[in-house]
Every structure is written in C-alpha cells, then in structure tokens.
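Enquirer: The following block contains a protein sequence and its predicted model.
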Amino acid sequence: MRSAYSVETVRAAERELMARLPEGALMQRAASGLAAACAELLGRVYGSRVVLLVGSGDNGGDALYAGARLARRGAGVTALLLAPERTHPGGLAALRAAGGSAREAAGGALDGRAAEDGAVAAGVAELIRRADLVVDGIVGIGGSGGLRPAAVPLAVLARASDAVVVAVDLPSGVEADSGEVRGEAVRADATVTFGTHKPGLLIDPAREYAGATRLVDIGLRPHLPPTADLEALQHADVAALLPSPAAESDKYRRGVVGVAAGSARYPGAAVLAVSGALHGGAGAVRYVGPAGDAVIARFPETLVSAGPPSKAGRVQAWVVGPGVGDDAGVVDEVLASDVPVLVDADGLRLADRAAVRARTAPTLLTPHAGEAAALLGTSREEVEAARLPAVRELAARYGATALLKGSTTLVAGPDGGPVRVNPTGTPWLATAGSGDVLSGLAGSLLAGGLDALDAASVAAYLHGLAGRVAAGEGAPVGASEVAATVARVWRDVVGGGWAAPSAGY
Ligand SMILES: NC(=O)C1=CN([C@@H]2O[C@H](COP(=O)(O)OP(=O)(O)OC[C@H]3O[C@@H](n4cnc5c(N)ncnc54)[C@H](O)[C@@H]3O)[C@@H](O)[C@H]2O)[C@@H](O)CC1
Ligand SMILES: Nc1ncnc2c1ncn2[C@@H]1O[C@H](COP(=O)(O)OP(=O)(O)O)[C@@H](O)[C@H]1O
Ligand SMILES: [K+]
C-alpha cells in the first residue's frame, strides 16, 4: 500500500523525529536524496548548468544544500533568491563554500514593490533558458494559496526552458493537502518528496504538475500514524483482496450479482455492465430489465429475468442505473433491498436521496464529476478542481461509499478513514460505456464479499490496468475491449509477474 499524509500530520511527525536528531540532520538527509536524484536525471553532473529557485523557507534550504553537493561534483550552480534577506543561511553558505553563486531573482534589486510586480532581474531569464536542470525550491509544505506574484515568472520561465525541472518536496504553487492548483504553479518533470507522499502528489490536477514522483526516506515512517489520509493499492494488495473459488465453492457461494440496467433506448449499457460483472468473480450474473435479448445474445451465461428486481431471485449485491433512462421504479426497488447496492449513471439522477441515506446495507455511488456535481449541488468544474474534498463530502452526505471517476479516481468511505486513490488508468478510458463496465465489475466484487471500499478500489485498479493494456502503446479502445482484458490483468495481478509500464508513481 502506498500512502500519503496531510501537511499537519507530516509536521507533527517531523517534530518528533527532529527532536531525536542533531540540528540540521533531517535537512541533510533530504538534500542528499535530492542531489542523488538530480545527478541521476542529469546523467553527467560535471560541467552541467544548474539553477536553483530558492524561496524563504526550508524548501529553499533543501535546494541550496543539494545545489552545494552538485557544485562539489563540478556543476555550475546558481541560486536565484526570491527573498535574499530571508534565505536559509546555512544552505546559502554551503552553496557558496562549494563554489556556487547566488543572486536576486526579482527585478528592482531590494525594492519589494518591484518584486511583487513579478519582474525578473536582468539575466535571469537567460540563465533559466540555458540551464540543464532547474531545481524548484520556491515553496514546499509551508505554501498555500498559489504562487505569490514574485515567483510566477520563475515558474513560467522554467516551463519554457528545455531544462529538466525537479520540484523539491512538491511542485511550488500546488495545494499539498488537496491537489488543487490555484493559478500558476511549477510544472516539474520529477518531484523528489521527503518522508511520505503528500495527497496533492497523487491527485489531479496537482499530480500532473509533479511529473514522476520519487520518495526519499528520511526516517519519518515510524513517526507517522498507522492510518494514512490517502492510500493507493499496489499489485500485492489487490492480489490479496481478489476472491478465488475454493474446492467446495459453488456458483451461489461465490456470490450472485444482480444487474438492473439498460432500456429499449440503451440496451448497450446493460450488455456492458453485464460484461464487467462476468469478469468480477461472482458465481453468476442475473440481469433484469428490458435488454434481456441483447444481453443473452452476447453473453448466454447470464441469468435473465423479465420481471422486476424483487422477483429476480436472491442476489448478494445489485448494480443499478447504467442506461435505465427514466425508470425510477427500478432504482427505488433495488434501493429497498437489504444487500449491498451500487448506484451508477442514470441511477444517480433518479435515486431518492433520502432512501439512499436511510439504507442500512452498504451503498456504493459511482459518479463522474458531472454526476457528483449534481449530487453535491455544485459545478463540474468545482468537483474537478477539488476532487478530494468532493469525494469525502459525497460519502459523508449520503452515508455511502463514493467512487469519483475521472482523471484520478478516488474512493471514500462513509465513516471517514483513508481515501483510496487509484494508481492505474489511462485517459483512453474516457470512452463511452467504460463506466458501465466498471460498475459491473465493482458490483461483482461486492457480491463476492468485498466491502464497498475494497470492491470499488479493486474494480478501479483492474479497470485502469485493463484500459492500459487494451490501449497498448496508445491506441483508442472501446469499452468492450476493456471488459475483455480484465481477465488478463487479473491473471497478471495474482501471478505477480506483470511487467507493464509503471503505475506512474
Ligand atoms: N520540517 C522538516 O523537518 C523538514 C522540512 N523539509 C523541507 O522544508 C519544507 C517546509 O519548509 P517551511 O516550513 O520552511 O516552508 P516552505 O519552505 O515550504 O515555505 C515557507 C515560506 O514560503 C513562503 N511562501 C508561502 N506560501 C508561498 C507561496 N504561495 N508562494 C511563494 N512563497 C510562499 C513563505 O514566506 C514562507 O516563509 C518542506 O516542504 C521540505 O522541503 C526537509 O528539509 C525535510 C525536513
Ligand atoms: N482523463 C481520464 N483519465 C483516466 N481515466 C478516465 C479519464 N476520464 C474518464 N476516465 C475513466 O473512464 C471511465 C468513464 O466512465 P463514465 O464517465 O461513467 O463513462 P460512461 O458513462 O460513458 O461509461 C471511468 O472509469 C473514468 O474513471
Ligand atoms: K518546491
């Protein structure tokens, strides 16, 4: 399991750890890891041109000490100071002692007003343009509210330069705790983060600004609480959660999932939800709804019934909503059942909200940003800009587990606890019907006995991997191909031998 902790928790752990170490030791650990990562990215340190963007805090201190290490190995290192009078003194001295130089970043010398205007001093633009490596030590976990105006031109110049941009701890300007980006922020090729991931490194839009993330161990782990704020399943976690039939299993013991989906207008949604359900490990898939003929034609193994959900026979979990059009009755009926229910797509619009809140069996809601916005009474843009607060709010407000789909899929449980962030996936999954496959898959895992948080996060993991494998080196895929690829990635996950592109962080 990969985990991320909020700034407040990181600060508390750092205080505990620092109290046991000699002064400055922690920063040296951070700087040493940072310098090693920079050296690796540079390939050849000797003779390289390195520019440090240095803010007023310890984030700048890390950059300066790492710069000193690179200067000792023969790099030409220049620090651009955003607040010359408040620069980390030890870091600056170390850089100078190692042969590096420092100058003011902002235009207008010591005139604070000019700095606020966002002008850069003469030669600064050229320096950044010609650099091989730019180290972003403007601000780390001490920052909030977006980049200050004086730092904005540096972020813009770094982006325009061909240099490799390495962010220290976090790309400056992103919100560490939520992944929000307010205005300009540094766009890094890589981020070297210390002690633990911060939530913003794993959640869009900030995740995109971080590039490839590398974690440097500074000894913080034992001082962090056992429960993280955010966690990401890895292959081994998923393998341990996936159901597998035992010798005495039969189709009923493996779990039966009911799928109430599709309509005369949208029979395809039923077919796709069933295709996902058939690959999720349940022993049988029951389909109820008007698209039975289309379902049977494609998947003859489905148990199809024409009547209402309550007459379909016992199931261990329901999926309701994909393509049901305006059939609110079917959604009401499924919500009235006493088994876990996954509500998706049209079901999210039609569901009686009080009925969702009143359920005693687990409920799993799987909206995309637009559907989440409708459920929260806000806009899609607001949900996309602040995905973590949105998914937490959804879960709390509806007393349900919420899976928020999109560029970063997040899953939150109704009682707080760590939010799961899905590390797999590809934008190629943004294709019609792929959400229907996901809901079938998650419903099947629910029927197989996984709790809602596990079922949702395991389904998102497999679905994301299947999307990647189906898209291969980058070709469009249809939702049917994603469903058909689930068996292959399932095998790879339980076999542990999957050798595909890394999950990205
Ligand atoms: N606390 C620790 O034990 C360790 C901290 N380390 C580093 O220290 C960093 C935290 O240091 P600090 O607490 O000094 O905080 P930062 O260095 O992150 O930022 C503090 C300063 O940045 C300025 N600032 C705040 N918001 C800004 C914005 N939006 N735009 C521009 N400037 C802004 C403020 O004037 C503030 O003084 C971590 O991110 C990490 O890089 C590491 O050295 C490892 C050990
Ligand atoms: N930019 C993206 N990057 C990664 N995955 C995405 C992106 N956009 C959408 N997805 C994924 O694609 C699927 C689309 O589901 P959904 O929006 O319900 O579409 P549909 O209703 O057509 O099935 C979800 O699993 C979602 O997480
Ligand atoms: K930074």
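Expert: Cool, the structure landed. Ligands and ions are numbered 1, 2, ... in the order given.
Enquirer: Which segments of this structure make up each domain?
Expert: The chain resolves into domains spanning 2-231, 235-495 when parsed by automatic domain parsing.
Enquirer: got the ones you listed as TSV, with mean neighbour count and mean pLDDT columns?
Expert: For every residue, glycine as well, the C-beta is placed using N, CA and C. Putting the domains of the chain into TSV (neighbours: other C-beta atoms under 10 Å; pLDDT from 0 to 100) gives the following:
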stretch	mean neighbour count	mean pLDDT
domain 2-231	20	94
domain 235-495	21	96
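Enquirer: so which of the ones you listed gets nearest ligand 1?
Expert: For the domains of the chain, proximity to ligand 1 was assessed by C-beta to the nearest ligand atom; domain 2-231 is nearest, at 2.0 Å.
Enquirer: for that closest one, the distance to its chain's centre please.
Expert: The chain centre lies 22 Å from the centre of domain 2-231; the measure is C-alpha atoms, centre = their mean, to the nearest Å.
Enquirer: hmm, that domain in reach of ligand 1?
Expert: Yes: contact of domain 2-231 with ligand 1 (C-beta under 6 Å from any ligand atom) involves 14, 18, 26-27, 30, 55-60, 62, 138-148, 151, 168-169, 194, 218.
Enquirer: Who are the contact partners of T378?
Expert: A390 (C-beta atoms under 8 Å, 6 or more residues apart in numbering).
Enquirer: wait, is it part of a strand?
Expert: No: in this structure, T378 is coil, not part of a strand, as judged by DSSP: H, G, I helix; E, B strand; the rest coil.
Enquirer: following the helix or strand harbouring L272, which helix or strand comes up?
Expert: Here L272 sits within helix 267-278, counting by DSSP states H and E. Using DSSP H and E, the helix or strand that follows helix 267-278 in sequence is strand 284-288.
Enquirer: what's the following helix or strand after that following strand?
Expert: Remark: after strand 284-288, the chain's next helix or strand is helix 292-298, criterion DSSP H and E.
Enquirer: And the contacts of that following helix?
Expert: 262, 267-268, 270-271, 274-275, 287, 302, 304-306.
Enquirer: Is it possible to get a markdown table of these that adds distance to ligand 2?
Expert: As requested, the contacts of helix 292-298 are exported to a markdown table (distance: C-beta to the nearest ligand atom, whole Å):
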| residue | distance to ligand 2 |
| --- | --- |
| G262 | 13 |
| P267 | 14 |
| G268 | 10 |
| A270 | 12 |
| V271 | 12 |
| V274 | 14 |
| S275 | 12 |
| Y287 | 17 |
| T302 | 19 |
| V304 | 22 |
| S305 | 24 |
| A306 | 25 |
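Enquirer: quick one, helices of the stretch 51-200 of the chain?
Expert: For the stretch 51-200 of the chain, the helices defined by DSSP state H, counting those that start in this stretch cover 58-72, 89-97, 112-117, 124-129, 152-160.
Enquirer: wait, which of those is closest to ligand 2?
Expert: helix 152-160 (21.4 Å).
Enquirer: Show me what that closest one is packed against.
Expert: helix 124-129, strand 133-137 (3 or more C-beta pairs under 8 Å, 6 or more residues apart in numbering; DSSP states H and E).
Enquirer: Identify the residue spatially nearest to G406, adjacent ones excluded.
Expert: Nearest in space to G406, with sequence neighbours left out and distances taken as C-beta to C-beta, 6 or more residues apart in numbering, is A369 at 5.3 Å.
Enquirer: Surely the one you found is in contact with S407?
Expert: No: A369 is beyond contact range of S407, at 9.1 Å (criterion: C-beta atoms under 8 Å).
Enquirer: hey, what's in contact with both of those two?
Expert: Shared contacts of A369 and S407 (C-beta under 8 Å, 6+ apart): E384.
Enquirer: May I have the phi/psi pair for L364?
Expert: Per-residue torsions, L364: phi -120, psi 120 (degrees, to the nearest 10).
Enquirer: May I have stretch 424-442 as PDB, with CA atoms only?
Expert: C-alpha atoms of stretch 424-442 as PDB (Å, rounded to 0.1, in the frame of the first residue of the first chain):
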ATOM      1  CA  THR A 424      -3.800   2.700 -12.600                       C
ATOM      2  CA  GLY A 425      -5.800   4.000 -15.500                       C
ATOM      3  CA  THR A 426      -5.300   6.000 -18.700                       C
ATOM      4  CA  PRO A 427      -7.200   8.800 -20.400                       C
ATOM      5  CA  TRP A 428      -8.100   6.300 -23.100                       C
ATOM      6  CA  LEU A 429     -10.700   5.000 -20.600                       C
ATOM      7  CA  ALA A 430     -12.700   8.200 -21.300                       C
ATOM      8  CA  THR A 431     -14.800   6.300 -23.800                       C
ATOM      9  CA  ALA A 432     -18.500   5.700 -23.900                       C
ATOM     10  CA  GLY A 433     -19.600   2.800 -21.800                       C
ATOM     11  CA  SER A 434     -16.300   2.200 -19.900                       C
ATOM     12  CA  GLY A 435     -18.100   3.400 -16.800                       C
ATOM     13  CA  ASP A 436     -20.800   0.700 -17.300                       C
ATOM     14  CA  VAL A 437     -18.000  -2.000 -17.400                       C
ATOM     15  CA  LEU A 438     -16.600  -0.500 -14.100                       C
ATOM     16  CA  SER A 439     -19.900  -0.700 -12.300                       C
ATOM     17  CA  GLY A 440     -20.500  -4.300 -13.300                       C
ATOM     18  CA  LEU A 441     -17.000  -5.200 -12.200                       C
ATOM     19  CA  ALA A 442     -17.400  -3.500  -8.800                       C
END
